[in-house]
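Trainee: model this:
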Amino acid sequence: MDQSSIKILCIGNSFSEDTTAYVAQIASSIGFSKVLVANLYVGGCPIAKHYENWREDLPCYRYDRNDGTGWQRTTDVKISDAIREEEWDWISIQHGSSYGACYTDEACYADLPALLREVKQLAGEKTKIAFNMAWVGEPTRDRPEMLLFDRDQKRYYEALCAVTQRVVAPTAGLDLVCPTGTAVQNARTSNLNGQLDRDGFHLSLTHGRYLAGLTFLRALTGADISHVTWMPEGVSEAQRQLMVRAALCAVEMPFEITPIE
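Mentor: Next up, the predicted model:
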């Protein structure tokens with residue numbers, strides 16, 4: 001992979017939208033001369049639904065692309081069309097919890113091997129495939145996943161890590177698990193807690209999305225994010241340093257919470 005350029009496609013939902021929101025700005029600020037980040041979006045879309053959309057070649061995704069000049073949107077796009085559009089360095093898969101799916105239920109990942117196999121075959125051998133690990137929301141919210149664990153955020157996170165390690169990570173064709181969920185838990189050990197969510201489920205438009213973008217770029221490229229200069233408005237230098245540390249520690253120890261303050 002050319003270290004000065006990166007092309008990333010996400011087959012996802014609102015969680016991949018949160019994760020990729022600032023990746024282009026972050027990458028440009030640390031020396032990438034060419035950046036393309038794209039997200040195929042269906043709200044809450046789980047693995048099984050992505051695979052169904054693939055099998056039936058459905059034009060049901062909103063397709064957002066950012067080449068460093070801002071986001072451009074197209075509707076009614078197929079997964080196959082988006083993959084064929086570029087020679088992607090990475091394609092990232094995002095699980096969702098709609099259509100009766102659950103993040104910690106092993107059965108919800110049953111179609112992942114087939115989806116990875118089909119995506120890899122179309123994308124080609126040079127393209128690597130990642131799985132973006134979800135994060136745990138606020139325990140005060142009445143989300144089904146949180147209620148399943150009696151609002152115990154730590155138990156939920158541990159269960160999410162367990163299924164990711166046991167079921168997702170060993171899947172044939174998967175090159176990487178991006179530990180975005182662990183980066184968020186790391187950041188919750190600091191005074192950033194309370195600034196990472198916007199509705200108890202999705203990431204905040206500033207701190208949360210920035211942290212996810214830092215983690216995503218570090219995991220996929222190995223790039224040095226410690227000297228990133230770009231920050232969203234409202235993020236302080238001290239907070240930037242905490243988030244960089246949370247991201248670095250997550251990539252180093254993807255299934256273990258690291259206190260960062």
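
Trainee: next SSE after the helix or strand of the chain with the lowest mean pLDDT?
Mentor: Using mean pLDDT, DSSP states H and E, helix 144-148 stands out as the lowest-scoring helix or strand of the chain, at a mean of 85. Note on helix 144-148: by DSSP states H and E, the next helix or strand toward the C-terminus is helix 153-163.

Trainee: Which strands or helices does the helix or strand just after that following helix pack on?
Mentor: Counting by DSSP H and E, the next helix or strand C-terminal to helix 153-163 is strand 176-178. Under the contact definition 3 or more C-beta pairs under 8 Å, 6 or more residues apart in numbering; DSSP states H and E, strand 176-178 sits against strand 128-132, helix 207-221. Yep, even glycine has a C-beta here, placed from its N, CA and C like the rest.

Trainee: Give the partner strands of strand 176-178 in its sheet and their orientations.
Mentor: strand 128-132 (parallel) (DSSP bridges).

Trainee: could I get the partner strand in PDB with only the CA atoms?
Mentor: Extracted in PDB, the C-alpha atoms of strand 128-132 (Å, rounded to 0.1, in the frame of the first residue of the first chain):
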ATOM      1  CA  LYS A 128      -7.900  -6.100   2.800                       C
ATOM      2  CA  ILE A 129     -11.000  -6.500   4.800                       C
ATOM      3  CA  ALA A 130     -11.600  -5.200   8.300                       C
ATOM      4  CA  PHE A 131     -14.500  -5.500  10.800                       C
ATOM      5  CA  ASN A 132     -15.200  -2.400  12.800                       C
END
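
Trainee: Report the distance from it to the chain centre.
Mentor: 9 Å (C-alpha atoms, centre = their mean, to the nearest Å).

Trainee: now that strand against helix 207-221, angle please.
Mentor: Here strand 128-132 runs at an angle of 150 degrees relative to helix 207-221 (axes from the mean of the first three to the mean of the last three C-alpha atoms, to 10 degrees).

Trainee: in strand 128-132, what's buried?
Mentor: 128, 129, 130, 131, 132 (16 or more other C-beta atoms under 10 Å).

Trainee: pretty sure the second one contacts residue 88?
Mentor: Same thing as residue 129. No - when contacts are counted by C-beta atoms under 8 Å, residue 129 is not listed as touching residue 88 (9.5 Å).

Trainee: residues bridging contact with those two, i.e. touching both?
Mentor: residue 123 (C-beta atoms under 8 Å, 6 or more residues apart in numbering).

Trainee: who touches stretch 217-229?
Mentor: 1, 3, 6, 8, 23, 26-27, 29-32, 89-90, 92, 128, 130, 176, 178-179, 214, 240, 244, 247-248, 251.

Trainee: Check stretch 105-119 too.
Mentor: 11, 46-48, 50-51, 54, 79, 83, 91, 93, 95, 101-102, 129, 131, 163, 166-168, 171-174.
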